[in-house]
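> show me the folded form of this:
(one chain, ligands or ions: 2)
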Amino acid sequence: MGEGPQATIDPRVLASCAWRSMSAWSRCLEVDAELTRRDRQRRRVFPFIVPDLATRLRVGFRYQPGEVDGIHNLLTISLFDPERFRGAAHRWDQSQTVIVDAGAATPGFVPGPLPSGRWQVELDAPEIVSDGRATGPCSLRIVVEVHHGPIPSQPTGTRDPWRLGTVAAAAGRGPRWYRGDLHSHSVHSDGDDTMAEMANAAASIGLDFRAATDHNTISQWLFDEPRSDGFLHIRGVECTTYFGHANVLGTSDWIDWRDVSVEDGARSILAQAAAQGAFAVVNHPSDRGYPVCTGCRWDFAPSDIQHFDAIEVWNGGWLDPATGNPEALALWTDQLMAGHTLTAVAGSDTHRASEYQRVDQPYTWVHAEALGEREILDGLRSGRAYLSCGPTLTFAARAAGDAVATLPGDRLPPGGFALRVDIARLAVPATLWLVADGSARRLGDVSPPGVTLQATATAGSWWRLELRGRGPDEPILTMTNPVYHGDRPAPEGGGRRFTRA
Ligand SMILES: [Zn+2]
Ligand SMILES: [Zn+2]
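Numbering: from 1, shown residues only. Ligands and ions are numbered 1, 2, ... in the order given. Okay, the predicted model is just below:
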């Protein structure tokens with residue numbers, strides 16, 4: 001079957017947008033189009049003019065059908081004022097109304113004054129299943145209007161996302177292990193619950209921190225209100241491209257996710273993260289991907305992974321076939337064998353507060369100097385982290401010359417070492433494995449609630465510990481980052497990144 005041309009779209013930019021009445025909406029832009037599969041994974045830009053003294057802006061956005069043969073079409077919009085990003089609606093709703101004014105905005109969008117001049121709505125098409133023939137086209141309508149009347153809404157989210165400053169460490173929370181979620185969503189993209197509901201749910205199960213990594217937007221940061229219990233918000237964004245997803249954590253500004261191609265290895269995202277001193281993670285690289293989860297699989301070259309700070313080897317439940325966690329673990333092992341010391345991380349990737357009650361949800365333990373955004377990310381950069389859906393695991397390894405390693409990321413001389421492992425909070429029978437230079441060796445069986453195990457071993461360049469359940473699939477319950485041997489560069493994150501050519 002021959003492929004026809006992509007759709008031609010003629011947006012109507014309306015002169016009637018000028019000030020006419022204090023009580024009516026004035027229309028600035030209308031877009032009507034019929035899109036098909038040939039328009040998928042393509043961005044369209046629709047400029048319009050916002051007149052002087054506008055007080056509110058409204059974008060109506062609608063497409064149909066929502067799904068074809070059980071597979072979703074997915075269209076999303078983003079909004080830009082003459083100077084900067086004003087938000088994105090990366091969610092599944094086929095019919096949305098976005099309102100932005102000086103004091104409030106629809107979740108996903110940033111409130112603030114509406115400067116006059118050339119704005120633009122951008123349309124992304126992560127997936128269009130409609131073929132234009134047997135299944136008809138996907139019809140699209142976008143309408144942009146402005147209002148000049150007084151703002152009726154109560155201000156919400158009045159913090160300025162561009163001036164949030166640094167996130168201070170919680171007082172009195174010194175050097176130790178902290179446990180948190182490095183990947184989660186809220187109503188600011190395709191999640192069901194508010195930032196407060198998500199933070200309350202995470203705190204209620206004893207987590208110390210949570211990164212709100214909504215897709216392609218930053219408006220969630222406006223709702224990171226400081227908490228009296230010291231629970232830490234980590235600022236993040238999930239850069240959701242057509243070719244892979246990447247979390248940028250500890251950001252202080254919007255990350256432009258748009259300027260990537262499958263050939264460039266997400267260089268522009270890495271360059272922006274590096275410029276902000278942020279931490280970049282390859283997310284769920286072995287996910288099932290298109291057409292069900294758009295862009296979720298890592299379609300950039302596998303060799304591009306080495307330039308990131310970390311790789312998410314555990315996303316959601318270990319055995320969830322959608323996320324391909326065992327394949328992600330194998331990808332990370334390939335990186336370690338090639339000498340790239342990326343940190344492995346876990347993330348629940350939950351989109352609703354109730355999922356914090358799931359017993360198979362993985363979180364990341366980080367050994368940090370304090371419970372602060374910078375300190376947690378420094379701990380991750382140094383590889384001082386282990387991943388777990390419940391059990392705790394600590395160890396001490398003693399090598400020649402009284403060299404001792406007590407944290408993942410530590411370094412020992414090459415050769416033999418004596419190992420002591422303490423496991424607690426174990427709910428099911430399990431087996432402890434030592435993975436050294438890519439080969440696994442069984443260290444012993446462990447019964448609930450925990451045990452201390454001793455062993456001797458040798459390693460050439462790295463080893464790590466893995467606690468697995470005893471079912472047929474041997475799900476991972478806990479896994480550490482490596483202890484390294486010899487003189488390879490320490491996992492500090494420096495020097496690995498691309499810089500923009
Ligand atoms: Zn994702
Ligand atoms: Zn996600």
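
> number of residues surrounding the nearest residue to Arg43 once chain neighbours are set aside?
Leaving aside its sequence neighbours, Arg43 sits nearest to Asp124 (CB to CB, 6 or more residues apart in numbering; 5.5 Å). From N, CA and C alone the C-beta is placed, and that goes for glycine too. For Asp124, the count of nearby residues is 24 (other CB atoms under 10 Å).

> show me what secondary structure element comes after the helix or strand encompassing Asp124.
Element membership of Asp124, judged by DSSP states H and E, is strand 117-127. Note on strand 117-127: by DSSP H and E, the next helix or strand toward the C-terminus is strand 138-147.

> chain center to the helix or strand that that next one is followed by: distance?
Counting by DSSP H and E, the next helix or strand C-terminal to strand 138-147 is strand 176-181. Per CA atoms, centre = their mean, to the nearest Å, the displacement of strand 176-181 from the mean C-alpha position of its chain is 18 Å.

> over to stretch 102-114?
Going by CA atoms, centre = their mean, where stretch 102-114 is centred and where its chain is centred differ by 23 Å.

> for the lengthiest helix in the chain, give me every contacting residue.
Using DSSP state H, we find that the single longest helix of the chain is helix 325-337. Residues from elsewhere that reach helix 325-337 (CB atoms under 8 Å, 6 or more residues apart in numbering): 284-286, 298, 302, 305-306, 311-315, 318-319, 342, 344, 435, 437-438, 462, 476, 482.

> next structured bit after that helix?
strand 343-347.

> elements contacting that next one?
In terms of contacts (3 or more CB pairs under 8 Å, 6 or more residues apart in numbering; DSSP states H and E), strand 343-347 is packed against strand 310-315, strand 363-368, helix 373-381, strand 385-388.

> please redo it, this time with the cut-off set to 7 Å
Packed against strand 343-347 by the contact rule (3 or more CB pairs under 7 Å, 6 or more residues apart in numbering; DSSP states H and E) you find strand 310-315, strand 363-368, strand 385-388.

> list of residues touching the last one?
Pointing back at strand 385-388 there. With contact meaning CB atoms under 7 Å, 6 or more residues apart in numbering, strand 385-388 is reached by 314, 343-346, 362-366, 379, 393, 408, 477-481.

> quick one: the strand holding Asp124 to chain centroid distance?
For strand 117-127, the distance to the chain centre is 22 Å (CA atoms, centre = their mean).

> show me what that strand is in contact with.
35, 39-50, 59, 72-82, 142, 144, 242, 290-291, 294-295.

> filter those residues down to the buried ones.
35, 39-41, 44, 46, 48-50, 59, 72-81, 142, 144, 242, 290-291, 294-295 (16 or more other CB atoms under 10 Å).

> state the distance from the residue in the stretch 401-501 of the chain positioned nearest to ligand 2 to Ser388.
Relative to ligand 2, the nearest point of the stretch 401-501 of the chain is Ile476 (19.9 Å; CB to the ion). The gap separating Ile476 from Ser388 is 9 Å, by CB to CB, to the nearest Å.

> the two - which one has more neighbours?
Using other CB under 10 Å, the more surrounded residue of Ile476 and Ser388 is Ile476, with 24 against 21.

> give me the beta-bridge partners of the residue lying closest to Leu467 once chain neighbours are set aside?
Leaving aside its chain neighbours, Leu467 sits nearest to Thr478 (4.2 Å; criterion: CB to CB, 6+ apart). Taking DSSP bridges, one obtains Ser388, Leu467 as the residues bridged to Thr478.

> so who does Thr478 touch?
Tyr386, Leu387, Ser388, Pro391, Leu393, Leu467.

> which of those residues sits closest to Leu443?
Among the contacts of Thr478, Leu467 lies closest to Leu443 (CB to CB), at 9.7 Å.

> contacts only, for the closest one.
For Leu467, the contacting residues are Pro391, Leu393, Ile423, Ala430, Leu432, Val446, Leu477, Thr478, by CB under 7 Å, 6+ apart.

> give me the subset of those touching ligand 1.
The subset of the contacts of Leu467 within reach of ligand 1, by CB under 5 Å from the ion, is empty.

> how close does the residue nearest to Arg43 sit to Ala405?
46 Å.

> just give me the neighbour total for the residue in the stretch 1-150 of the chain that ligand 2 sits nearest to.
Here the residue of the stretch 1-150 of the chain nearest ligand 2 is His90; by CB to the ion that distance is 10.1 Å. Per other CB under 10 Å, the neighbour tally for His90 reads 24.

> thinking again about what came up before, okay if I get the helices and strands packed on strand 343-347 as TSV plus mean pLDDT and distance to ligand 2?
Formatted as TSV, the helices and strands packed on strand 343-347 follow (pLDDT from 0 to 100; distance: least, CB to the ion, whole Å):
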stretch	mean pLDDT	distance to ligand 2
strand 310-315	98	8
strand 363-368	98	15
strand 385-388	98	16
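
> what pLDDT does Ile218 get?
Note for Ile218: predicted pLDDT of 94.

> then Pro448?
pLDDT, Pro448: 97.

> that one: which element?
Going by DSSP H and E, Pro448 is not in any helix or strand.

> helix/strand/coil for the closest residue to it other than its chain neighbours?
Once flanking residues are discounted, Pro448 sits nearest to Leu426: 4.7 Å by CB to CB, 6+ apart. At Leu426 the chain is in coil, as set by DSSP: H, G, I helix; E, B strand; the rest coil.

> and Leu426, what does it touch?
Leu426 neighbours (CB under 7 Å, 6+ apart): Pro391, Val446, Pro448, Pro449, Gly450.
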